[in-house]
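Undergrad: Sequence first, predicted coordinates after that:
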Amino acid sequence: MHIVYPVVVSALLFSIGVYGVLARRNTILVLMSVELMLNAVNLNLIAFDVWLGDRLHGGQVLTLFVIVIAAAELGLGLAIVLAVFRNRRTVDLDSLRDLAEPGPDCDAAGPDRGVAGPAPAPGPRRGTGQEGAAT
Amino acid sequence: MSEAPSYLSPTGHEIVFLLLGVVVVGTGLLVVTTRQVVHAALWLVVCLGALAGCYLVLTAEFVAWVQVLIYVGAVVVLLLFGIMLTRAPIGRSPDLDSRNRPVAAVVALATAAVLVTVVVDGFRHAYVDLSPGKGTAEEVGVAVFRYWVLPFEALSVLLLAALVGAIVISRTDIRGR
């Protein structure tokens, strides 16, 4: 088996995960894209473990470790998403802007944010108000 | 490693792997582009299952079954619970993608171009003869418990900490002092 095949599949899968993380708004869909990226890394590890014939089986063991860490990350991530949903009634990443730079810095940061957040009021802001401002 | 055979005469392994790879990439694309949240989770099942098939072709049996058990069995169920508990819209919803979607597409295409170019250039001549028995439960178990015991134990503590943390975060009746 040519090693190029699994490695190219893994590279494409990683790029798909990058696209998903950047383009999705729903936090759970972003978590799914993170899983895609982790799985791309796993495929790489398996392929190189088989190619190098590692006596310690480093690639396969590290793949198991990555799977465990991904499960832990997903559990914590979903707990955080649920906590956010309880407080804000939304999981849209675009409307969770409490940590964004307030005021005219929005315009300097890019036209995208200038449209979304012209109101400089600090403190908790509701997602619905942001939606109204965006549209 | 002997002289690598030509790319024009693929072996059975390679054909099966390429078909599975097409499934993986195609369903991965569906996961990140579909308009329905639940469908994204279900396409993720197909994607991860096909990836387990890829591991099987690469003779990593144990990892393949662990992938099926944990990813397809547990992680996707967890994601579906998350979708349910956050009251995600079940039908088609038009606002799943944010406004920076073109930028995301450009970045992803650039990433794919760079990575594919580099790995094809770097591993063009790499070839391995697959022989079964490298990734059985026995081999991996011996490796884990002979050479990787300390990371394994540290990982179990990490998993416990993550579990406790998830419970503390998601329960509402625990108050900070």
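TA: Done, it's in.
Undergrad: List the contacts of residue B:41.
TA: By C-beta atoms under 8 Å, 6 or more residues apart in numbering or on different chains, the contact list for residue B:41 reads A:32, B:76, B:79, B:80, B:83. Bear in mind the C-beta positions are built from the backbone N, C-alpha and C, glycine included.
Undergrad: Does at least one residue of the helix or strand hosting the fourth one sit close to chain A?
TA: When elements are assigned from DSSP states H and E, residue B:80 belongs to helix B:76-85. Yes. Under the criterion of C-beta under 8 Å from any C-beta of the partner chain, helix B:76-85 makes contact with chain A via B:78, B:79, B:81, B:82, B:83, B:85.
Undergrad: Can you give me the distance of the third one to residue B:96?
TA: Between residue B:81 and residue B:96 the distance is 19 Å, computed by C-beta to C-beta, to the nearest Å.
Undergrad: Comparing these two, which shows the higher neighbour count?
TA: Neighbours were counted for residue B:81 and for residue B:96 using other C-beta atoms under 10 Å in any protein chain shown; residue B:96 has more, 21 against 13.
Undergrad: Relative to chain A, how far out is that one?
TA: To chain A, residue B:96 is 6 Å away according to C-beta to the nearest C-beta, to the nearest Å.
Undergrad: Whichever helix in chain A runs longest to helix B:76-85, inter-axis angle?
TA: Determined from DSSP state H, the single longest helix within chain A is helix A:58-88. Here helix A:58-88 points in a direction 10 degrees away from that of helix B:76-85 (axes from the mean of the first three to the mean of the last three C-alpha atoms, to 10 degrees).
Undergrad: Who are the packing partners of helix A:58-88?
TA: Counting by 3 or more C-beta pairs under 8 Å, 6 or more residues apart in numbering or on different chains; DSSP states H and E, the packing neighbours recorded for helix A:58-88 are helix A:27-52, helix B:61-66, helix B:76-85, helix B:137-147, helix B:149-170.
Undergrad: okay, now the closest residue to residue A:27 other than its chain neighbours: neighbour count?
TA: Closest residue to residue A:27 apart from its sequence neighbours, by C-beta to C-beta, 6 or more residues apart in numbering or on different chains: residue A:91 at 4.4 Å. Burial of residue A:91 is recorded as 24 neighbouring residues (other C-beta under 10 Å).
Undergrad: what residues are up against residue A:91?
TA: Counted by C-beta under 8 Å, 6+ apart, residue A:91 has contacts A:26, A:27, A:28, A:81, A:84, A:85, B:86, B:88.
Undergrad: domain parsing for the chain?
TA: No chain specified, so I'll use chain A. A:4-96, A:99-135 (automatic domain parsing).
Undergrad: hm, I was asking about chain B
TA: B:12-132, B:136-177.
Undergrad: which of these sits most buried?
TA: Stretch with highest mean neighbour count among the domains of chain B: domain B:12-132 (a mean of 18; mean count of other C-beta atoms under 10 Å in any protein chain shown).
Undergrad: got the angle for the helix holding residue B:80 vs helix B:149-170?
TA: Using the same axes, to 10 degrees: helix B:76-85 against helix B:149-170 is 10 degrees.
Undergrad: Might you report the residue contacts of the spatially most central residue of chain B?
TA: For chain B, the residue nearest the mean C-alpha position is residue B:48 (5.5 Å; C-alpha atoms, centre = their mean). If a contact means C-beta under 8 Å, 6+ apart, then residue B:48 has A:35, A:39, B:67, B:71, B:72, B:75, B:76 as its contacts.
Undergrad: quick one: the last one from residue B:91, how far?
TA: In other words, residue B:76. 20 Å.
Undergrad: With the fourth one instead?
TA: Remark: distance between residue B:71 and residue B:91 (C-beta to C-beta) = 26 Å.
Undergrad: I'd say residue B:61 and residue B:138 touch.
TA: No. Judged on C-beta atoms under 8 Å, residue B:61 makes no contact with residue B:138 at a distance of 10.3 Å.
Undergrad: This completes my enquiry, with thanks.
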